[in-house]
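Visitor: please work out how this folds:
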Amino acid sequence: MAWLEIQKLQAGYGGNRVLHDIGFSVDDGHITSLLGRNGMGKTTTLKCVIGLIKPYAGTIHVAGQPTAGMAAFEIARLGVGWVPEGRQIFPTLTVEENLLATAADRHHAADRYTLQRVYEFFPRLQERQRNMGNQLSGGEQQMLAIGRALMTNPKLLILDEATEGLAPLIRAEIWRVLGELRNTGMAMIVVDKNLGPLMSLADHHVVIEKGRVAWQGSSEALRAEQATVEQYLGV
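Guide: Now for the predicted structure:
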């Protein structure tokens, strides 16, 4: 089943069209990567999915439901978790307060995400649970942003620039956790620039170039056509 389905999506800002007939799907329990240079439309696509931007045309279905006219909080309640670029944690709340602020179990998950479970994924957060958000390093803030999204108990986790600007050891920690989430059956959309980890993690890859899907396919297909795909990713 396609947990997310996007068809002929057109969107932009004011009168400036950014997306031109974007289309792809994310199956239940599968991971899709969005690839492309900065400014090509990846974040705009994600913001349409979560309801922060109203499309000009096209359709988006989440868990089989059309999201046209829905507010962002209504889409979130369908089971969409959001890890934004720039993290956007609450700087004057503690780590624990940041996590509890978003806690929800709307779908009565059998194995729901709790404080303890998030701390098991990210032991560093447990060590820092009494620290304010603005006292954390960039890597710790990213861990917190992922943990905060998990506390909503999503069915689809969306990560925009999952490891951008992070030290190699922190990047490895993030990829480890995403791999563990994959093993739980979590569906994901991941935006990142690191092809190697993405090819190991994701089932499907979508390359966006100037607001259009320039290429999409499996990890096997990406390995076979890596030189072609990398032409869309270089500066």
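Visitor: and whichever helix in the chain runs longest, what's its mean pLDDT?
Guide: In the chain, taking DSSP state H as the definition, the longest helix is helix 168-183. Mean pLDDT, helix 168-183: 95.
Visitor: buried residues, it. List them.
Guide: Ile170, Arg171, Glu173, Ile174, Trp175, Val177, Leu178, Leu181, Arg182 (16 or more other CB atoms under 10 Å). (C-beta placed from N, C-alpha, C; glycine too.)
Visitor: out of these, which one sits closest to Pro123?
Guide: Pro123 lies nearest to Glu173 out of the buried residues of helix 168-183, by CB to CB, at 9.7 Å.
Visitor: per-residue confidence for the closest residue to Ile75 other than its chain neighbours?
Guide: Distances taken as CB to CB, 6 or more residues apart in numbering put Gly51 closest to Ile75, at 4.4 Å, once the chain neighbours are dropped. What the model reports as pLDDT for Gly51 is 96.
Visitor: give me the distance between Gly51 and Glu85.
Guide: 17 Å (CB to CB, to the nearest Å).
Visitor: which residues in this structure form strands?
Guide: 2-13, 16-27, 31-35, 57-62, 65-66, 80-83, 156-159, 187-191, 204-209, 212-218 (DSSP state E).
Visitor: residues in contact with the first one?
Guide: This means strand 2-13. Residues outside strand 2-13 that contact it (CB atoms under 8 Å, 6 or more residues apart in numbering): 17-28, 30, 44-45, 48-49, 53-63, 155-156, 187, 189.
Visitor: filter these down to the buried ones.
Guide: 18-20, 22, 24-26, 30, 44-45, 48-49, 53, 55, 58, 60-63, 155-156, 187, 189.
Visitor: surely Ala187 and Gly29 touch.
Guide: Yes: using CB atoms under 8 Å, Ala187 is in contact with Gly29, at 5.7 Å.
Visitor: what's the average pLDDT for stretch 6-19?
Guide: On average, the pLDDT along stretch 6-19 is 94.
Visitor: in that stretch, what counts as buried?
Guide: Using 16+ other CB under 10 Å as the test for burial, stretch 6-19 gives Ile6, Leu9, Gln10, Ala11, Gly12, Val18, Leu19.
Visitor: spatially nearest residue to the second one, not counting backbone neighbours?
Guide: Translated: Leu9. Ranked by CB to CB, 6+ apart and with sequence neighbours excluded, the top spatial neighbour of Leu9 is Gly58, at 3.7 Å.
Visitor: give me the pLDDT for the one you found.
Guide: According to the prediction, Gly58 has pLDDT 97.
Visitor: Val207 versus that one, what's the distance?
Guide: 19 Å.
Visitor: circling back to that earlier point, identify the farthest-apart pair in the buried residues of stretch 6-19.
Guide: Pairwise distances across the buried residues of stretch 6-19 peak at 15.4 Å for Ile6 and Gly12 (criterion: CB to CB).
Visitor: just the CA atoms of the lowest-mean-pLDDT helix or strand in the chain, as CSV, please.
Guide: Taking mean pLDDT, DSSP states H and E as the measure, the helix or strand of the chain with the lowest value is helix 226-230, at a mean of 90. Output of helix 226-230 as CSV, limited to C-alpha atoms (Å, rounded to 0.1, in the frame of the first residue of the first chain):
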residue,chain,number,x,y,z
GLN,A,226,25.2,6.7,-10.4
ALA,A,227,27.3,8.7,-12.8
THR,A,228,24.2,10.0,-14.5
VAL,A,229,22.4,10.8,-11.2
GLU,A,230,25.4,12.6,-9.8
